[in-house]
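*Asks:* Here is my input; please provide its structure:
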Amino acid sequence: MKYVKLVSKMVILNSSKTDPNKILPMHYLWARQYYRNGVSNNWVPEEIGMQKDVEQWKSIKELKEDERRLIKWNLGFFSTAESLTANNIVLAIYRHITNPECRQYLLRQAFEEAIHTDTFIYCCDTLGLDPEEIYTMYKNVPSIKEKDDFVVNLTKSIFDPNFSTEGVDNIKKFLHDLIGYYVIMEGIFFYAGFAMMLALKRQNKMIGVGEQFEFIMRDESLHLAFGCDLINTIKTENPQVWTLEFQREIIKLIKTAVELEKSYAYDACPRGLLGINAEQFCDYVEYITDRRLERIGLPKAYFKENPFPWLSQSTDLSKEKNFFETRVTEYRQGGDLVWDE
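*Replies:* Next up is the predicted model:
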């Protein structure tokens, strides 16, 4: 890449050499690549037609009541979760990650979270849903509230205006919160919902909403991968923080999150539908959790097979391989959901 100069002993936290106003020469080329991939993925919700969805939503025959409930619950969870993730970026993470190329990607991610927020506005407006019902589910539906409260509690340290990343203990707190935000929120809590909505799409139900979720999933795959690389870089540059005791703490934290997500799966899909059931969603959550654990250098905990092989074309994180281990197809138009194998 042009204008790249690798500088020895450059560190991503607490570096006196870092000038956040001086992006060249770059030091963390992976951050720059995530920015470029994000730009290639650009989309807006209005590019996706929703007429068929409106017809199905208004029809008393097209959708079962459990399916309508599932759609509302996922819209309810994601509509506020996206705002929560945006607030984490803008109000906390950006302040502590002063490396300019990482900040450039964080700004891109914040823009994408705004697109996701706009997507749920678009879905609610198009389907004529009651916004008060959808946007208060994070308070009124216990399994949604538990997930949101868990993440808010996980990331409270970096919202403290007096918090700094100086010292081993504070770096641990920062890593703890980054894992809560990127690995748990975006990497675990989002993915059962993705699977549910794309299971609907697979049955030719609410295809427009399903396509919106496919685009969101594609963005979130990048967010997750960037977050894991950020976490791993901090670990590499500060090996003294990644103790066995701290690793056990993180594993325990992630396992707690898995139980919350499994509770949500049973609440959102209590009787089974679409040819799948809550037990399979729980297996899927455990399957992807093992992949998250490995991504940040921790051992598997569940050893589950993917219960939904068909998801490999839409939501399975084998997309991480396509996006981040080989090459990514550039997306310049909204309707092109094709990944290179």
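*Asks:* quick one, helices of the stretch 51-200 of the chain?
*Replies:* For the stretch 51-200 of the chain, the helices defined by DSSP state H, counting those that start in this stretch cover 51-58, 65-88, 94-96, 100-127, 131-134, 137-140, 142-154, 168-178, 190-202.
*Asks:* which helices and strands does the second one pack with?
*Replies:* It stands for helix 65-88. When contacts are defined as 3 or more C-beta pairs under 8 Å, 6 or more residues apart in numbering; DSSP states H and E, helix 65-88 packs onto helix 100-127, helix 131-134, helix 137-140, helix 142-154, helix 190-202, helix 207-237, helix 244-268. Quick note: C-beta positions are derived from backbone N, CA and C, even for glycine.
*Asks:* orientation of it relative to helix 168-178 in degrees?
*Replies:* Using axes from the mean of the first three to the mean of the last three C-alpha atoms, to 10 degrees, one finds that helix 65-88 and helix 168-178 are set 150 degrees apart in direction.
*Asks:* Also the last one?
*Replies:* Following the same axes, to 10 degrees, one obtains 10 degrees for the angle between helix 190-202 and helix 168-178.
*Asks:* just the fourth one next, same as before
*Replies:* Interaxial angle, helix 100-127 versus helix 168-178 (the same axes, to 10 degrees): 30 degrees.
*Asks:* Just the buried positions in helix 100-127, please.
*Replies:* The neighbour-count check on helix 100-127 (16 or more other C-beta atoms under 10 Å) flags 100-106, 108-113, 115-117, 119-120, 122-124, 126-127 as buried.
*Asks:* Show me where the chain dips below the pLDDT cut-off.
*Replies:* 1-10, 16-17, 274, 312-341 (pLDDT under 70).
*Asks:* nearest residue to residue 277 other than its sequence neighbours?
*Replies:* Excluding the flanking residues, the one nearest residue 277 by C-beta to C-beta, 6 or more residues apart in numbering is residue 269, at 6.7 Å.
*Asks:* need the contact list for residue 57.
*Replies:* By C-beta atoms under 8 Å, 6 or more residues apart in numbering, the contact set of residue 57 is 63, 68, 127-128, 206.
*Asks:* Swap in 10 Å and give it another go.
*Replies:* Residues near residue 57 by C-beta atoms under 10 Å, 6 or more residues apart in numbering: 50, 63, 68, 71, 126-129, 205-206, 209.
*Asks:* For burial, what's the neighbour tally of residue 74?
*Replies:* Using other C-beta atoms under 10 Å, residue 74 has 23 other residues around it.
*Asks:* Go ahead and confirm it touches residue 209.
*Replies:* Yes. Between residue 74 and residue 209 there is a contact under C-beta atoms under 10 Å: 8.9 Å.
*Asks:* Quickly list what's touching both of these two.
*Replies:* In contact with both residue 74 and residue 209: 120, 197, 200, using C-beta under 10 Å, 6+ apart.
*Asks:* Now do the same contact list for the last one.
*Replies:* Translated: residue 200. 56, 63, 67, 70-71, 74, 206-207, 209-210, 213, 273-274.
*Asks:* Export the residues you listed as JSON lines, with columns for distance to residue 228.
*Replies:* Converted to JSON lines, these look like this (distance: C-beta to C-beta, whole Å):
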{"residue": "56", "distance to residue 228": "37"}
{"residue": "63", "distance to residue 228": "37"}
{"residue": "67", "distance to residue 228": "33"}
{"residue": "70", "distance to residue 228": "29"}
{"residue": "71", "distance to residue 228": "30"}
{"residue": "74", "distance to residue 228": "24"}
{"residue": "206", "distance to residue 228": "31"}
{"residue": "207", "distance to residue 228": "31"}
{"residue": "209", "distance to residue 228": "28"}
{"residue": "210", "distance to residue 228": "26"}
{"residue": "213", "distance to residue 228": "22"}
{"residue": "273", "distance to residue 228": "33"}
{"residue": "274", "distance to residue 228": "30"}
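*Asks:* Of those, just the buried ones, ChimeraX syntax please.
*Replies:* Here is the ChimeraX command that selects the buried residues among the contacts of residue 200 (16+ other C-beta under 10 Å):
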select :56,63,67,70,71,74,206,207,209,210,213,273,274
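*Asks:* now, among the contacts of residue 200, which is nearest to residue 22?
*Replies:* Closest approach between the contacts of residue 200 and residue 22, by C-beta to C-beta: residue 213, at 38.6 Å.
*Asks:* Distance of the closest residue to residue 219 other than its chain neighbours relative to residue 126?
*Replies:* Of all residues not flanking residue 219 in the chain, residue 112 sits nearest, at 4.7 Å (C-beta to C-beta, 6+ apart). According to C-beta to C-beta, to the nearest Å, residue 112 and residue 126 sit 20 Å apart.
*Asks:* contacting residues around stretch 255-263?
*Replies:* So stretch 255-263 is in contact with 142-144, 146-151, 154, 179-180, 183-185, 187-193, 278-279, 281-286, 288-289, 292-293, 301-302, going by C-beta under 10 Å, 6+ apart.
*Asks:* PyMOL command for the buried members of the residues you listed?
*Replies:* A single PyMOL command suffices to select whichever of the contacts of stretch 255-263 are buried according to 16+ other C-beta under 10 Å:
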select buried, resi 143+144+146+147+148+150+151+154+179+180+183+184+185+187+188+189+190+191+192+193+278+281+282+283+284+285+286+288+289+292+293
